[in-house]
Structures are given as structure tokens and as C-alpha cells.
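Colleague: just need the structure, nothing else, for what follows:
(chains A and B)
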Amino acid sequence: KQEVTQIPAALSVPEGENLVLNCSFTDSAIYNLQWFRQDPGKGLTSLLLIQSSQREQTSGRLNASLDKSSGRSTLYIAASQPGDSATYLCAVIEAGNMLTFGGGTRLMVKP
Amino acid sequence: DAGVIQSPRHEVTEMGQEVTLRCKPISGHDYLFWYRQTMMRGLELLIYFNNNVPIDDSGMPEDRFSAKMPNASFSTLKIQPSEPRDSAVYFCASSGLREAFFGQGTRLTVV
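Modeller: Numbers count the residues shown, from 1 in each chain, chains lettered A, B, ... in the order given. Predicted coordinates for the structure are as follows:
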């Protein structure tokens, strides 16, 4: 059974710092990997999708990488802002488009 | 497209009552997922459909839970009878060839 782990569980940084969120998974036979953002009391907003044939995807200040062989993905956030404060979730996508989620990283960016 | 639409946004009910949650997926998406989110267990997949057919319901906790997808634009998740431990946020998501999109969720409180 696929298991997805996100480290750290919580992170607090001052505004302007570059930071890396980690996601690891146990079964490398995945189709894609998707990063989401969740604000308190809200739904999940898709940030980036990395297909299994890709090694990274970029959107603005966000860059996500994928290393299937080692079962790892990272989400890099450049020049963090208070508005980036949220919980970040990674999900691996397997057969049947099924998503398995990690526990999330709760990020606080302090002004 | 308005995205994945869930109703109601909030539901408070008494133990033993029947609860029905509703979801309208994004037009053209052929996968629909129901997830439950709690602080203790994070996001758990309950059931998912492909082309309106249930594919995997192994995450449905008990026989009190049932889900249907009568057509490509509508799905329901029913809990009968409801119990306090069912209190959680229930998310519906849909996907096509690429990334999954989530609704805003239904916050269910069973008292």
C-alpha cells in the first residue's frame, strides 16, 4: 500500500526566505505527483502537477521536482511572503487516477 | 467552468439522522472522488468513480456510508444513520487526463 510522508509537519520562516518542502512515497510506480495548497477552512487548490516522465515543473515562485527512483518530490518556494502561509499537501497519483495524500506541511511566513 | 461544486457547505445534524452530501464535478472529467479530512487522519479516500461506475469503495468506513453517481454531472454521498465520529470535512474531487480539482468541501457536524 502506498504511503506518502511530508516533512516537516510545520515550518515557520521570516518573510523573504527561500524554503523547501519535502514529500516521500514508498511505491515508485506512480503516474503523476500533484502539489496542493489548503488555506484554513477552505478546499484544496492545485499548485503544480508533475508527470512521471518529467523531473520538474515551475509556476511563478514555485518549483516542484520529482525523483521517482528515490521516491521523493520537493516543493521549492522562492522569496516567501506572508500570503504563502497555508498547508501544503502532496499527492501521488496512481492507477485509476487515484490520489494518495501526505499529511501536509503547515507553513507560516512571518512579516 | 465553475469548478467542482459541493453542497451544502455546512451541515449540522443530530445523531441518527440521514445526511446527504452532493457534488457536481467539472464537465468532461471522467473520474470523481470522495475524500474525508480530519485532524487525526488527514485526507482519506472513501470511494471513487470512473465514468459513473464505482471502482474502489474500500475506503468507505461502514455500511452506513453509501455513494452514487447516477450521471456524469452529479454524485451523492449518504450517511445513514449518522454518528458523532462522522464529523469531518468531506471533499469531492474530479479529474480527467491530468490534474485533479477539489470542491470547497462540506463541513459535517453530528451532535
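Colleague: going forward, measure contacts between C-alpha atoms and count neighbours the same way
Modeller: Noted.
Colleague: can you give me the strands for the chain?
Modeller: The chain I'm using is chain A. Ranges of strands in chain A, per DSSP state E, are A:4-7, A:10-14, A:19-25, A:32-38, A:44-51, A:56-59, A:62-67, A:72-77, A:86-93, A:99-101, A:105-110.
Colleague: the intended chain is chain B.
Modeller: Under DSSP E, chain B gives strands at B:5-7, B:10-13, B:19-24, B:31-38, B:42-50, B:53-56, B:65-71, B:74-79, B:88-95, B:100-102, B:106-110.
Colleague: list the buried ones in the second one?
Modeller: In this case it means strand B:10-13. Residues of strand B:10-13 classed as buried: B:E11, B:T13 (neighbour count, 16 or more other CA atoms under 10 Å in any protein chain shown).
Colleague: identify the bridge partners of the residue most central in space within chain B.
Modeller: In chain B, the residue lying closest to the centroid (CA atoms, centre = their mean) is B:W34, at 3.6 Å. B:W34 has these beta-bridge partners by DSSP bridges: B:I47, B:C92.
Colleague: for A:I30, what are its contacts?
Modeller: A:S52, A:K68, A:V92, A:I93, A:E94, A:A95 (CA atoms under 8 Å, 6 or more residues apart in numbering or on different chains).
Colleague: which among those end up buried?
Modeller: For these, a burial check counting by 16+ other CA under 10 Å picks out A:S52, A:K68, A:V92, A:I93, A:E94.
Colleague: re the thing from before, among the strands of chain A, which is the most enclosed?
Modeller: Among the strands of chain A, ranked by average contacts under mean count of other CA atoms under 10 Å in any protein chain shown, first place goes to strand A:86-93 (a mean of 25).
Colleague: pull up the pairing partners for that strand, direction included.
Modeller: Paired strands of strand A:86-93, with direction, are strand A:32-38 (antiparallel), strand A:99-101 (antiparallel), strand A:105-110 (antiparallel) (DSSP bridges).
Colleague: for the longest one, list the C-alpha coordinates in CSV.
Modeller: As requested, the backbone C-alpha atoms of strand A:32-38 are provided in CSV (Å, rounded to 0.1, in the frame of the first residue of the first chain):
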residue,chain,number,x,y,z
ASN,A,32,2.0,11.7,-11.6
LEU,A,33,2.5,13.8,-8.5
GLN,A,34,0.5,16.9,-7.6
TRP,A,35,1.1,19.6,-5.0
PHE,A,36,-1.8,21.4,-3.4
ARG,A,37,-2.3,24.4,-1.1
GLN,A,38,-5.0,24.5,1.5
